[in-house]
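# need a 3D model of the sequence below.
(one chain, ligands or ions: 2)
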Amino acid sequence: MERIILARCGELMLKGLNRSFFEKKLVKNINNAIRHLGDATVTKKQGRVYIEPLNDNFKFDQALKAVSKVFGIVSISPVAKVNCDFDTISEKAVEMVKDIVNRHGYKTFKVETRRADKSFPMKSPEVSGKLGAVILENIPSLSVDVNSPSFTFFVEIREWAYIFTQIVPANGGLPVGTNGKATLLLSGGIDSPVAGWMMAKRGVELEAVHFYSFPYTSERSKEKVIDLARILSEYSGPIKLHIVPFTDIQTEINEKCPQNELTIIMRRIMMEIAERISQNNNSLALITGESMGQVASQTIQALSVTNAAVSMPVFRPLIGMDKDDVVKIARKIETFETSILPYEDCCTVFVAKHPKTRPELMHIERSEKKLDVETMIINSINDTEVITLK
Ligand code: ATP
Ligand code: MG
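Ligands and ions are numbered 1, 2, ... in the order given. Coordinates of the predicted model:
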């Protein structure tokens, strides 16, 4: 008997001629996600991926969690792989059922069989019926309930028999790396990690940029952002995080530009720097955590003026979402607890009491003439620290 992980693929089944490209990426991403957990083989077959440990050192439970985070998988099951004969299947089934009944106190069950290998001598209903009888005989506390059982015992008959009791939903989406790369503007807040996660879910590889205003923001606020990037990388694969010093730029804007334009000018320069970093790293678009109307810099007018600073596409996957919905995702993907740690963000360093909610591009550009934006950008990119999370 072997304990293996069975992962089911979703949408990538539909991709016609590109299918093998998607499947190869998926297998590669799964391999990357479990590499540090021991030796295992990863093989794809008919819309499924089988992850089979090569020895007992493989960290099975951690691997289950890691695989469930890989995009392109709709569900996973821990599975026993046994020889394809009825006696072996029964023996293993009784052992597994005893174990889960002991742990969960289940009272009812049913058996569901799929026979992909039609050369197996029994038909599916016959396997279910006979196996159900064997289980009942050995575990008298159980009874059969086909409508709403406490658990279902699944049997799949292929070249091996795969037996399991759990189907755990995963995140779906597309394998990361099948849709190019984009640069996430990653703050320490709740929104931007969720925005990055949503784009990675659609197959986009992530590069990340964080603007850091030391000493106004502490070393710990930087650690917090590194932690967020690390959590994201468990879903997206490796992320190169660029930590851009932003203090001098903020100080200069604060000295030279009107108070009510500080935020919007700062945001435009952030976008310009992120675009420049993207161009140097084969990244094709920007991603932000902005949501319509959430704050003064997220009105249509303000977003348009921010956008006008760059020519790359800017993706804002949260644009139509309520904060509650964003928080739900943040909790699910486990960034929330880190995001709410109380370290200040650079955006809160110089804030105007009454920021412009309807800025006009012409006025903002006029104010920016007082700054040597090009030199500011070059200097801060030169002093950027790069960390790779994987
Ligand atoms: P978040 O929760 O992601 O911080 P927010 O609702 O607080 O978003 P803002 O602070 O106005 O909104 O920031 C809007 C977006 O700008 C963020 O979602 C993020 O993409 C980007 N951003 C803000 N501050 C930074 C920063 N210090 N470094 C990198 N990107 C940032
Ligand atoms: Mg913020």
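
# quick one: low-confidence ranges for the protein?
Applying pLDDT under 70 to the chain picks out residues 1, 11-17, 345-349.

# if we go to 80?
Applying pLDDT under 80 to the chain flags residues 1, 10-18, 295-297, 343-354.

# wasn't residue 387 part of a helix?
No - Residue 387: not assigned to a helix; according to DSSP: H, G, I helix; E, B strand; the rest coil it is strand.

# that one touches residue 230, doesn't it?
No - with contact defined as Cβ atoms under 8 Å, residue 387 does not reach residue 230; the gap is 9.5 Å. Placement of C-beta: from N, CA and C, glycine included.

# could you pull up phi and psi at whichever residue of the chain sits closest to ligand 2?
Nearest residue of the chain to ligand 2, counting by Cβ to the ion: residue 189, 3.5 Å away. Phi and psi for residue 189, reported as degrees, to the nearest 10, are phi -80, psi -170.

# can you tell me which residue is spatially central in this protein?
residue 235 (3.5 Å; Cα atoms, centre = their mean).

# can you dump the C-alpha coordinates of whichever strand or helix holds it into PDB?
If you go by DSSP states H and E, residue 235 is part of helix 219-236. C-alpha atoms of helix 219-236 as PDB (Å, rounded to 0.1, in the frame of the first residue of the first chain):
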ATOM      1  CA  GLU A 219      12.300  47.800  10.100                       C
ATOM      2  CA  ARG A 220       9.400  45.800  11.300                       C
ATOM      3  CA  SER A 221       7.000  47.200   8.700                       C
ATOM      4  CA  LYS A 222       9.500  46.000   6.100                       C
ATOM      5  CA  GLU A 223       9.600  42.500   7.700                       C
ATOM      6  CA  LYS A 224       5.800  42.500   7.600                       C
ATOM      7  CA  VAL A 225       5.800  43.100   3.800                       C
ATOM      8  CA  ILE A 226       8.500  40.400   3.300                       C
ATOM      9  CA  ASP A 227       6.200  38.000   5.300                       C
ATOM     10  CA  LEU A 228       3.300  38.900   3.100                       C
ATOM     11  CA  ALA A 229       5.300  38.200   0.000                       C
ATOM     12  CA  ARG A 230       6.400  34.900   1.500                       C
ATOM     13  CA  ILE A 231       2.800  33.800   2.100                       C
ATOM     14  CA  LEU A 232       1.800  34.800  -1.400                       C
ATOM     15  CA  SER A 233       4.700  32.900  -2.800                       C
ATOM     16  CA  GLU A 234       3.200  29.700  -1.400                       C
ATOM     17  CA  TYR A 235       0.500  30.100  -4.000                       C
ATOM     18  CA  SER A 236       2.300  31.900  -6.800                       C
END
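
# do that helix and ligand 2 meet?
No - Helix 219-236 does not reach ligand 2 (Cβ under 5 Å from the ion); its nearest approach is 11.1 Å.

# in that helix, which residues are buried?
Buried positions in helix 219-236, judged by neighbour count with 16 or more other Cβ atoms under 10 Å: 221-222, 224-225, 227-229, 231-236.

# what strand or helix carries residue 170?
In the assignment (DSSP H and E), residue 170 maps to strand 168-172.

# now do residue 58
Assigning secondary structure by DSSP H and E places residue 58 outside every helix and strand.

# OK, contacts around it?
Residue 58 is in contact with 37-40, counting by Cβ atoms under 8 Å, 6 or more residues apart in numbering.

# please report how far the closest residue to the residue of the chain closest to ligand 2 other than its chain neighbours lies from ligand 1.
Of all residues not flanking residue 189 in the chain, residue 339 sits nearest, at 6.0 Å (Cβ to Cβ, 6 or more residues apart in numbering). Residue 339 is 7 Å from ligand 1, where distance means Cβ to the nearest ligand atom, to the nearest Å.

# please begin residue numbering at 3 from this point
Okay, using 3 as the starting number, the last item reads as residue 341.

# ok, residue 341 touching residue 199?
No - with contact defined as Cβ under 8 Å, residue 341 does not count as touching residue 199 (11.9 Å).

# okay, the two: which has more neighbours?
The neighbour comparison of residue 341 against residue 199 (other Cβ atoms under 10 Å) goes to residue 199, with 25 against 22.

# what about the closest residue to that one other than its chain neighbours, neighbour count?
Distances taken as Cβ to Cβ, 6+ apart place residue 335 nearest to residue 199, at 5.3 Å, with adjacent residues excluded. Neighbours of residue 335 under the rule other Cβ under 10 Å: 20.

# show me the contacts for residue 335.
The contact partners of residue 335, by Cβ under 8 Å, 6+ apart, come to 195-196, 199, 233-234, 237.

# three-state assignment of the residue of the stretch 253-392 of the chain found nearest ligand 1?
Nearest residue of the stretch 253-392 of the chain to ligand 1 (Cβ to the nearest ligand atom) works out as residue 291 at 2.5 Å. Following three-state DSSP, residue 291 is assigned to coil.

# that one: neighbouring residues, count only.
25.

# likewise for the one 3 residues further on?
Around residue 294 there are 13 other residues, counting by other Cβ under 10 Å.

# tell me the SS of the residue lying closest to it once chain neighbours are set aside?
Counting by Cβ to Cβ, 6+ apart, the nearest residue to residue 294 once its immediate chain neighbours are dropped is residue 321, at 5.4 Å. Assigned with three-state DSSP, residue 321 falls in the coil class.
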